[in-house]
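Student: Give me coordinates for this.
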Amino acid sequence: MDFRKEYDLIVVGGGAAGMIAAITAAREKKSVLLLEKLSQIGSKLKATGGGRCNLTNTLTNEEFMSKFGRNGRFMQDALKEFDHNALMTFFKEIGVETHAPDGFRVFPTSHSSQTIISALLEEIQRVGVSILTSQKVEKLLHEYTQIIGAKTAENIFYSKSVIVATGGLGYPTLGAEGDGHNMAIELGHKVTELHPAMMPLYVKERWVESCRADTIAKVELRIAMKKHSKIKAMGDLIFTKNGIRGPVVLDVARELTPLLDKHGEVPIMLNLTKGMNEEQITKHLKDEAVKNPHATILELLATTLPTPLSSALCKLAEINTQATYSNIAGAAKAKLVNLLTWTPLTITGHEGFKMAMITRGGVDLKEINPKTMQSKIINGLYFCGEVMNLDGPCGGYNLQWSFSSGNLAGKLKF
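Tutor: The predicted structure is shown next:
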């Protein structure tokens, strides 16, 4: 392909946000150059949702924004133009059928991210976007307050519109190095503190090691700190050799990592009994003991929890796992019920951005126009996707935001 030196738009970054931005602009007859530093586009998208590609979810826009916390309202204009319904329609138009098998999370019916990547690449080629891979942008060029282009190691490309869609620091093996943040800072933008998010966590307690392999469903996780007691999440949990993982952990990690940086340790509480309270747990154990008076406490607990976890909780309550319910002292029973209702753990760390799926923090939203995604500092400079200070939980939130913001940026509204 013969690459010219000047374009209506240069898109930096070939992930979900960058691809949709390039397609949107090219559909409006703009000449577009997409620059990607890796050897192929869509690498991070390939890993999304464990390769199944959870594109979005079926929440209303209001509910969707609320999941992003205090910055959620920034998304209003982008979602109004391109919400989950529009996204599903877009993919249908380019040959990808989608569905929500659980009524909430939306996937391609193939449940393969490669289906999404192939369709986007085909559409990019159809609308005439020029793609250059293995091209790391070293610098964005500007004259006073006007963007004028981008410089790579080998070339300088000119345009009065540049979209930064470089993502955050998550998945460093897939090229995440914070390039977009550095570009923004060089052009006078503020970047908030950056924290890894959506990843497994380490705990202080060693008993978790004996509880590996089993998935505990519908666990409620709460932060046991007075100022942060409203932070909670619900979902499946898996104990690991030295910590916890699973959807509930991924969801709350984005709240925990800034607290870890500040406090060093963060106490949490887990309800492992599908929301049962002390009274309900006590009744359940009594009822099971009446039905099976000779059953050990371990056997009674195994009606609710996996045996290794039941054994660990008995040891924490200083109860002999082979004792029958009627032979356990009242104080020990109360301690066990308390542990079953809220099991304490202490979060001590994580593996940093190495295992993080997303980044908490980014380019300050106060310096970006939410109606256009254009910088308030540099004319013709746009941002979209994870490079900005917006991150959501698991369930298609972050990918929908990438598509919505990329679509709005690609419209090049001035």
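Student: Show me where the stretch 1-150 of the chain dips below the pLDDT cut-off.
Tutor: 1-3, 49 (pLDDT under 70).
Student: Repeat the analysis, applying 80 as the threshold.
Tutor: Where the stretch 1-150 of the chain drops to pLDDT under 80, the residues are 1-4, 47-51.
Student: Also the stretch 301-414 of the chain?
Tutor: With pLDDT under 80 as the threshold, the stretch 301-414 of the chain has low-confidence stretches at 414.
Student: Strands of that one, start to end?
Tutor: Using DSSP state E, counting those that start in this stretch, the strands of the stretch 301-414 of the chain run over residues 343-349, 358-360, 381-383.
Student: elements contacting the second one?
Tutor: Looking back up the chat, that one is strand 358-360. On a contact count with 3 or more C-beta pairs under 8 Å, 6 or more residues apart in numbering; DSSP states H and E, strand 358-360 meets strand 195-197, helix 247-263. Placement of C-beta: from N, CA and C, glycine included.
Student: Report the strands that pair with the first one, each with its relative direction.
Tutor: What it means is strand 195-197. Next to strand 195-197 in the sheet, as set by DSSP bridges, lie strand 358-360 (antiparallel).
Student: what's the neighbour count on W207?
Tutor: Using other C-beta atoms under 10 Å, W207 has 17 neighbouring residues.
Student: surely it meets C314?
Tutor: No - look at W207 against C314 with C-beta atoms under 8 Å: they stay out of range, at 10.8 Å.
Student: Hmm, S39 is touching I131, no?
Tutor: No - look at S39 against I131 with C-beta under 8 Å: they stay out of range, at 11.5 Å.
Student: Turn the strands of the stretch 301-414 of the chain into TSV, including distance to L390.
Tutor: Compiled in TSV, the strands of the stretch 301-414 of the chain are given as follows (distance: least, C-beta to C-beta, whole Å):
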stretch	distance to L390
strand 343-349	24
strand 358-360	9
strand 381-383	10
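Student: can you put the ones you listed in JSON lines and add distance to E154 and mean neighbour count?
Tutor: Listed next are the strands of the stretch 301-414 of the chain as JSON lines, based on distance: least, C-beta to C-beta, whole Å; neighbours: other C-beta atoms under 10 Å:
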{"stretch": "strand 343-349", "distance to E154": "41", "mean neighbour count": "18"}
{"stretch": "strand 358-360", "distance to E154": "28", "mean neighbour count": "27"}
{"stretch": "strand 381-383", "distance to E154": "22", "mean neighbour count": "28"}
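Student: of all those strands, which lies closest to L412?
Tutor: Nearest to L412, of all the strands of the stretch 301-414 of the chain, is strand 381-383, at 7.6 Å by C-beta to C-beta.
Student: what's the offset of that closest one from the middle of its chain?
Tutor: How far strand 381-383 lies from its chain's middle: 22 Å, per C-alpha atoms, centre = their mean, to the nearest Å.
Student: packing partners for that strand?
Tutor: By 3+ C-beta pairs under 8 Å, 6+ apart, strand 381-383 packs against strand 162-164, helix 397-410.
Student: okay, those, which one's buried deepest?
Tutor: Highest mean neighbour count of those: strand 162-164, a mean of 33 (counted as mean count of other C-beta atoms under 10 Å).
Student: what residues does that strand touch?
Tutor: By C-beta atoms under 8 Å, 6 or more residues apart in numbering, the residues outside strand 162-164 that reach it are 9-13, 18, 21, 140, 147, 149-150, 180, 183-184, 363, 373, 380-384, 387, 406, 409-410.
Student: Can you get me the start-to-end distance on stretch 233-253?
Tutor: With C-alpha to C-alpha, to the nearest Å as the measure, stretch 233-253 spans 10 Å from end to end.
Student: Now do it: distance to the chain's middle.
Tutor: Distance of stretch 233-253 from its chain centroid, counting by C-alpha atoms, centre = their mean, is 13 Å.
Student: I'd like the helices and strands packed on strand 381-383 as TSV, with distance to Q280 appended.
Tutor: Converted to TSV, the helices and strands packed on strand 381-383 look like this (distance: least, C-beta to C-beta, whole Å):
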stretch	distance to Q280
strand 162-164	52
helix 397-410	32
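Student: To E278, which of the ones you listed lies closest?
Tutor: Using C-beta to C-beta, the nearest of these to E278 is helix 397-410, at 33.7 Å.
Student: before we move on, back to that, look at S39 and I131 and report which has more neighbours.
Tutor: Set S39 next to I131 and count neighbours by other C-beta under 10 Å: I131 wins out with 21 against 9.
Student: How many residues are close by the residue nearest to the more buried one when sequence neighbours are not counted?
Tutor: Counting by C-beta to C-beta, 6 or more residues apart in numbering, I131 lies nearest to L34, which is 4.9 Å off, once chain neighbours are set aside. For L34, the neighbour count with other C-beta under 10 Å is 28.
Student: For L34, pull up the helix or strand it's in.
Tutor: Per DSSP states H and E: L34 is located in strand 32-35.
Student: Past that strand, which element shows up next along the chain?
Tutor: Sequence order places helix 43-47 as the next helix or strand after strand 32-35, per DSSP H and E.
Student: which parts of that following helix are buried?
Tutor: Within helix 43-47, the residues that count as buried by 16 or more other C-beta atoms under 10 Å are 43-45, 47.
Student: Could you export the residues you listed to a markdown table, including columns for distance to N369?
Tutor: Output for the buried residues of helix 43-47, formatted as a markdown table (distance: C-beta to C-beta, whole Å):
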| residue | distance to N369 |
| --- | --- |
| S43 | 29 |
| K44 | 26 |
| L45 | 26 |
| A47 | 31 |
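Student: Of those, which is the nearest to F82?
Tutor: Among the buried residues of helix 43-47, L45 lies closest to F82 (C-beta to C-beta), at 16.9 Å.
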